[in-house]
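Chemist: predicted model, plus sequence, below.
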Number of protein chains: 2
Amino acid sequence: MHSNGPIGNYDLVKKINMEHAISTILKYRPLSRAKIASLTGLNKMTVSSCVDLFVQKGFVVELGTTGTSRGRPPTLVDLNEKAGICVGIDVEINQFTVLVTDLLGKKLDSMIIPLQSKDPFFFVDAISGILRKLEKDHAQRQLGIVGVGIVIPGYYNIRTDVVDYSANLQEWNDFPLRSELAKRVPGLTVHVNPASYAGAMGEVHFGGAKAADHLVYVTSSWGLSVGVYSKGELFTGTTGTAGRLGHSTIHMNGKKCTCGSRGCWEMYASIKALYELLETTPQEMTIADIVAGIERGDSRITSSVHELGHYQGIGLANVINAYNPRVICIGGLLALLGPTLINSIWNTLREMIPARFLLGLEIYCSDLGELGVAHGGVSMVLRQLSTTIIENSLMG
Amino acid sequence: MHSNGPIGNYDLVKKINMEHAISTILKYRPLSRAKIASLTGLNKMTVSSCVDLFVQKGFVVELGTTGTSRGRPPTLVDLNEKAGICVGIDVEINQFTVLVTDLLGKKLDSMIIPLQSKDPFFFVDAISGILRKLEKDHAQRQLGIVGVGIVIPGYYNIRTDVVDYSANLQEWNDFPLRSELAKRVPGLTVHVNPASYAGAMGEVHFGGAKAADHLVYVTSSWGLSVGVYSKGELFTGTTGTAGRLGHSTIHMNGKKCTCGSRGCWEMYASIKALYELLETTPQEMTIADIVAGIERGDSRITSSVHELGHYQGIGLANVINAYNPRVICIGGLLALLGPTLINSIWNTLREMIPARFLLGLEIYCSDLGELGVAHGGVSMVLRQLSTTIIENSLMG
DNA sequence: GGTATTTAGTATATACGTTATACTAATTAA
DNA sequence: TTAATTAGTATAACGTATATACTAAATACC
């Protein structure tokens, strides 16, 4: 109906076709100009002019020729992954992890830094120091720092551009994280997202959901929340709190939750709930112990995990009804419980939802490891890489 | 990341700018070419060439000049609402309503036809007869029947293009409604959507949510389901069953539901639940009686409505957590309960959700009347009106 | 080993919608 | 009556895709 968006002119045409070209390179690299033309439907000349521009600016490199079929052998082109760096930051309650990668998301460096103060200014000052050093160290790269993706343990209001709510980092509430950081490091592109959103993007970019057009990522550790990726973008809602399902009611008048409500999903299906079922503590029994218990078939542990899976299933049934995803990915600590958990989830789902609504649905546990969340931060940066390359190619 | 979408060429540029022009006309009509240019940012000449084409094809008409300010008075242009007709069809369990409108959605005709057989072929045959007659009657209109929007009491699988599930019209399961109808009326554009989706679109197009960029529509009569409108389109999910929240669990191990599960929202928050609370039947007490009871302050009725509102609130808290909408519209029969219902919904919401997540949220009851659902069907057609006009303008 | 064939990629002229400039049209202010 | 203002049109220039013709470099086949 209402169209908004850019008007049609040569600028736009050029940008659109450059977008086709560069995104095809990113997706199928390395490949020839001819292949780009056939994959995109663009004219050979159009492809050549775009690719030549990328090459000239150093964002794309020409590899040698590879003669496989007959005819003149194609010249392969590939992303110059050294043209810039990405930074992903995983903020936890008392530390943050900084991950530095190349343009393919390959780790160049990482560091873990204690959050000595809960004052958000401590964080932005620490981060901006690191970023300025990174800018200096990588000054020779054409794009420098392409962007920073910060993953916070709470929500970020995309309308007011401030931290919206962080249960365990209340001091950060209403803090304009993005602009404060951009103020300290001029020209820097900063993304801030909750862990659930970053997890979803990371899974699409780096994980087992690369082909998924519609994924729901459930991050389930001490809390529980959900990120929805659909049609190439996150479903954020109006302010950026869509997917706050840890506090959705699955049992009205049920257990009292820290949020003030009752019967919240995360009271039944998080790691916290698992320890309650096991009547033990993380000190007495680590997550690794629980995983080991599953593997050796410990009946007390497996039955608790099954019960947890049942509650997880009830919430996931609501997720399926709400979002109708093609893929559900379980992330966070619960992902470690693997197939045992998935099985009991499926048992519950089949009881709750008619079979026709489960057709084609996949559920799996994430296996992105330790740096998974920080990689989610990097994926926020990488999903705008093509735009960055185009804009820089058209400059000067 | 991956771009898909059309490649950039003159065709696309023309279409984009025509889209800007026509959608601006539809939104601000009537208005001058100069106004279109300033609103869209398009060049005067570009606007003129687009508008002239529309005028030449008869989709847009020139009204007289209106000299308000100084300078040459502008020539106003407006949509020619007589250039075609839209058809919306509301399918209920034992009848269907056909609504015929002009291109502004203004009613030209309507009819109610009994569903004498539950065989879906009876329906498509009946409909195609009506449509062929409409085609003949309106043959002089440039666009003829722009499209048909069918609203069904169930889901429609957008991947397989068949009816997915209709609790009260099981005979329609797996029926390829769209293609069967298109087969009988060649060239016809057919849309099929569940009532919840149509309600959302109708509310955005005709109702109280015209400015809403993100709306959740809750249709709540004997069943309950939800339509999500966000960023200019419906959130359908992979197969088209997103928003099936009537069967989301708000009370695990609660009341047994017809779907086989337990504690489904619609067991607590639908009209059916209201009659259970009132310990009466629609025969003994009509909806109108209930509404009258609220108005005169009948304590038994108001307390039941408040209890219903509480359960509605619990489910809506889940809706807010899931979709983070800016506007929630209550439709269906429950909408008749008005402010009394809304008040108790708000009371429950404030108990369940921190205030910061309720900022800016609006909740209201739909007041589109009898033909509201059929108008939702029309809105499916109207939201592609600009595309239709553009394609027809570029033909021949 | 030479020639035809095939595929990759480039050079050049053309096509076409936007856009800037200059224009006409029609009104009000002074 | 003249200047100023706004609406809209005519025309030529501009820029990007595109078609055509070309060069480049390999294999297949006789």
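Modeler: Alright, I've got the coordinates.

Chemist: any idea how far residue A:131 is from DNA strand D?
Modeler: 34 Å (Cβ to the nearest atom of the strand, to the nearest Å). C-betas here are computed from N, CA, C, even on glycine.

Chemist: for that residue, give me the pLDDT.
Modeler: At residue A:131, the model reports a pLDDT of 98.

Chemist: and the helices in chain A?
Modeler: For chain A, helices defined by DSSP state H occupy the ranges A:10-28, A:33-40, A:44-57, A:120-137, A:177-184, A:195-205, A:266-269, A:271-278, A:287-295, A:299-323, A:338-352, A:372-382, A:385-393.

Chemist: stretch A:184-198: end-to-end distance?
Modeler: 24 Å (Cα to Cα, to the nearest Å).

Chemist: tell me the mean pLDDT over that stretch?
Modeler: Mean predicted confidence for stretch A:184-198 is 97.

Chemist: do the same with stretch A:316-328
Modeler: 98.

Chemist: near chain B, anything from that stretch?
Modeler: Yes. Using Cβ under 8 Å from any Cβ of the partner chain, stretch A:316-328 reaches chain B at A:317, A:318, A:321, A:322, A:323, A:324, A:325, A:326.

Chemist: for residue A:228, find the nearest of the helices of chain A.
Modeler: helix A:299-323 (5.5 Å; Cβ to Cβ).

Chemist: tilt between the closest one and helix A:338-352?
Modeler: 50 degrees (axes from the mean of the first three to the mean of the last three Cα atoms, to 10 degrees).

Chemist: figure out how far helix A:299-323 is from the centre of its chain.
Modeler: Centre-to-centre, helix A:299-323 and its host chain are 23 Å apart (Cα atoms, centre = their mean, to the nearest Å).

Chemist: now swap in stretch A:366-383 and tell me
Modeler: Using Cα atoms, centre = their mean, the mean C-alpha position of stretch A:366-383 is found 5 Å from that of the whole chain.

Chemist: any part of that stretch near chain B?
Modeler: Yes. Under the criterion of Cβ under 8 Å from any Cβ, chain B is reached by stretch A:366-383 at A:382, A:383.

Chemist: follow-up on the earlier one: ok, so of the residues of stretch A:316-328 next to chain B, who is nearest residue B:348?
Modeler: Out of the residues of stretch A:316-328 next to chain B, the member with the shortest distance to residue B:348 (by Cβ to Cβ) is residue A:318, at 17.9 Å.

Chemist: let me know the distance separating the closest residue in space to residue A:373 that isn't next to it in sequence from residue A:157.
Modeler: Of all residues not flanking residue A:373 in the chain, residue A:90 sits nearest, at 4.1 Å (Cβ to Cβ, 6 or more residues apart in numbering or on different chains). The gap separating residue A:90 from residue A:157 is 20 Å, by Cβ to Cβ, to the nearest Å.

Chemist: now residue A:213
Modeler: Distance from residue A:213 to residue A:157, by Cβ to Cβ: 27 Å.

Chemist: what does residue A:127 give?
Modeler: From residue A:127 to residue A:157 the distance is 20 Å (Cβ to Cβ).

Chemist: likewise for residue A:245?
Modeler: Taking Cβ to Cβ, one finds residue A:245 at 18 Å from residue A:157.

Chemist: who has more neighbours, the two?
Modeler: residue A:245 (27 against 20; other Cβ atoms under 10 Å in any protein chain shown).

Chemist: closest residue of the stretch 1-150 of chain A to DNA strand C?
Modeler: residue A:71 (2.1 Å; Cβ to the nearest atom of the strand).

Chemist: quick one, phi/psi of that residue?
Modeler: Main-chain torsions, residue A:71, degrees, to the nearest 10: phi 90, psi 170.

Chemist: contacts only, for it.
Modeler: Under the criterion of Cβ atoms under 8 Å, 6 or more residues apart in numbering or on different chains, residue A:71 has no contact partners.

Chemist: and the gap between residue A:101 and residue B:235?
Modeler: Taking Cβ to Cβ, one finds residue A:101 at 32 Å from residue B:235.

Chemist: the residue in the stretch 251-396 of chain A that chain B sits nearest to and DNA strand C, how far apart?
Modeler: Of all residues in the stretch 251-396 of chain A, residue A:324 sits closest to chain B, at 2.4 Å by Cβ to the nearest Cβ. Using Cβ to the nearest atom of the strand, one gets 38 Å for the distance from residue A:324 to DNA strand C.

Chemist: now do residue A:320
Modeler: Residue A:320 is 44 Å from DNA strand C, by Cβ to the nearest atom of the strand.

Chemist: that residue - nearest residue in space that isn't next to it in sequence?
Modeler: In space, residue A:320 is closest to residue A:353, 6.2 Å off (Cβ to Cβ, 6+ apart).

Chemist: repeat that for residue A:363.
Modeler: Among residues not flanking residue A:363 along the chain, residue A:328 sits closest, at 4.6 Å (Cβ to Cβ, 6+ apart).

Chemist: the one you found bridge partners, please.
Modeler: residue A:216, residue A:363 (DSSP bridges).

Chemist: that one reaches residue A:361, doesn't it?
Modeler: Yes. Using Cβ atoms under 8 Å, residue A:328 is in contact with residue A:361, at 7.0 Å.

Chemist: between those two, who's got more neighbours?
Modeler: Of the pair residue A:328 and residue A:361, residue A:328 is the one with more neighbours under other Cβ under 10 Å, namely 23 against 18.

Chemist: so which bits of the stretch 1-150 of chain A are right by DNA strand D?
Modeler: A:10-11, A:13-14, A:17, A:42-46, A:49, A:65, A:67, A:69-73 (Cβ under 7 Å from any atom of the strand).

Chemist: and the pLDDT for the residue of the stretch 151-300 of chain A at minimum distance from chain B?
Modeler: Chain B sits closest to residue A:237 of the stretch 151-300 of chain A, with a gap of 2.4 Å, by Cβ to the nearest Cβ. pLDDT recorded at residue A:237 is 98.

Chemist: from residue B:312, how far off is it?
Modeler: Residue A:237 is 20 Å from residue B:312, where distance means Cβ to Cβ.

Chemist: so which of the two has more stuff around it?
Modeler: residue B:312 (31 against 26).

Chemist: rewinding a little: and the residues of stretch A:316-328 next to chain B, which two are the farthest apart?
Modeler: Every pair of the residues of stretch A:316-328 next to chain B checked by Cβ to Cβ; the farthest is A:318 and A:326, at 17.0 Å.
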